[in-house]
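**Q** need a structure here:
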Amino acid sequence: MKNRKLPATGHLIWKLLGINILVIGFVIVIVWLSVDYLAANYFMVLMEKYNIPTGPIHDMFVSAVHRYLIWASLSALLLTVFLSFLLIKRVLEPLAQMTAITRRISSGDYSASIPIRSRDEVGQLAMAFNRMADSLRKIERLRKTMMIDVAHELRTPLSNIQGYLEALIDDVVPRTGETFELLHEETLRLTYLVEDILRLAKADAAKGSLDLMQIRMRDVIEDVLDLFRPQFEAKGVQVDSGNVDRAVRVYADPDKLSQIVRNLMQNAVRYTISGGTFKIFTQPMDRHVRAVFANTGVEVEEQDLPFIFERFYRGEKSRSREHGGAGIGLAIVKGLVEAHNGNVGAEIHGNETHIWFSLPMASSGSRAEFGK
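**A** The predicted structure is shown next:
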């Protein structure tokens, strides 16, 4: 016959009850000895002082005290065990629920949560546990969504390549330079997608590998802007970066900050309308500085704004494949900015789309503050 394994809280409740019983038993023994050696002797002294016979009366006194002490001790012990059992069981109930939910989480079920019945330490532990379970649920949902999105993104170019190769094998499509150029474009599309996914993974793990230092933000923006000027000029886009504060410094990793700016510039090149304008400016905030990238041509719908930083997200217009994006660039920006303890956001102002990020300003205590 197999031994039934008791829950962890089942062991703990009996241990706590045992401790209470031991304490009460110790008190009973002390009181008993006190009656025998102190109270009885004091009673004898009083009787001798007033010339009262001590023999039978002393025995009656000690016997009566012992009897009442036994009944009082048993009553106190039963009451203590009953109340302690109820109280300890109530306190340990969330722990039993955590154990059960942990087993469900380990098997892949993230839907359960612990009801919060108090605001004490146990209640705070239950709230922290629920937050952890909710975070795990979101991470698992993101993982599944990302796997589906990656498979969806890879399927189209792979299907195109497979179709062209089968057509070439069957001599349905002529072996011309145009055919091989189409195959090369699909291969490049796959390569760019894999590189984007790799950059996204690195952005997620960036916080532990940041090489932080004080950087003048305008220098990084101007260096990256020089690389994209020919693309803006080819579309006839007027670029204005004159309102970027020259003096403001941020505490950041220069390579990661450069990648953030590059991704936002690339986004602006794709979605700024031909002949439109593209502006970059900074806004000082409380201990942070916000860099805003504003372009004309509002292709993002208002309801899409909260989601444009999600992985593989495309709005109905602005994230279409016609622009060549996989919906990863802004997700990389979000991951890198949050690794710096910053924030990202997007807004629509008139006929302009504003995409911004904020980073902590550099100061003498920046490194200490960043590590908190």
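**Q** gap between the closest residue to Leu17 other than its chain neighbours and Trp71?
**A** Leaving out its chain neighbours, the residue that sits closest to Leu17 by CB to CB, 6 or more residues apart in numbering is Ser84, at 5.8 Å. C-betas here are computed from N, CA, C, even on glycine. The gap separating Ser84 from Trp71 is 20 Å, by CB to CB, to the nearest Å.
**Q** where are the low-confidence patches of the stretch 201-350 of the chain?
**A** For the stretch 201-350 of the chain, applying pLDDT under 70 flags the ranges 201-208, 298-304, 306, 311-327.
**Q** can you list the domain ranges for the protein.
**A** For the chain, automatic domain parsing gives the domain ranges 8-109, 145-204, 212-370.
**Q** which of those domains sits closest to Asp134?
**A** Nearest to Asp134, of all the domains of the chain, is domain 8-109, at 11.1 Å by CB to CB.
**Q** what mean pLDDT does that closest one have?
**A** When pLDDT is averaged over domain 8-109, the result is 72.
**Q** ditto for stretch 132-141
**A** Per-residue pLDDT values over stretch 132-141 give a mean of 80.
**Q** what comes up buried for it?
**A** 133, 137 (16 or more other CB atoms under 10 Å).
**Q** ok, the residue nearest to Leu17 - contacts?
**A** Residues in contact with Ser84 (CB atoms under 8 Å, 6 or more residues apart in numbering) are 16-17, 20.
**Q** gap between it and Gln97?
**A** Ser84 sits 21 Å away from Gln97, going by CB to CB.
**Q** and Val261, how many neighbours?
**A** 24 (other CB atoms under 10 Å).
**Q** looking at the contacts of Ser84, spot the one nearest Glu181.
**A** So of the contacts of Ser84, ranked by how close each gets to Glu181 (CB to CB), first place is Leu16, at 76.4 Å.
**Q** tell me which strands and helices the strand or helix carrying that closest one is in contact with?
**A** According to DSSP states H and E, Leu16 maps onto helix 8-34. Here helix 8-34 touches helix 55-106, going by 3 or more CB pairs under 8 Å, 6 or more residues apart in numbering; DSSP states H and E.
**Q** got the angle between the helix it packs on and helix 8-34?
**A** Counting by axes from the mean of the first three to the mean of the last three CA atoms, to 10 degrees, helix 55-106 lies at 170 degrees to helix 8-34.
**Q** give the next helix or strand downstream of helix 55-106.
**A** Using DSSP H and E, the helix or strand that follows helix 55-106 towards the C-terminus is helix 121-169.
**Q** continuing past that following helix, what's the next helix or strand?
**A** Counting by DSSP H and E, the next helix or strand C-terminal to helix 121-169 is helix 177-204.
**Q** how far does the helix or strand following that next one sit from the chain's center?
**A** As assigned by DSSP H and E, the chain's next helix or strand after helix 177-204 is strand 213-216. The chain centroid and the centroid of strand 213-216 are separated by 28 Å under CA atoms, centre = their mean, to the nearest Å.
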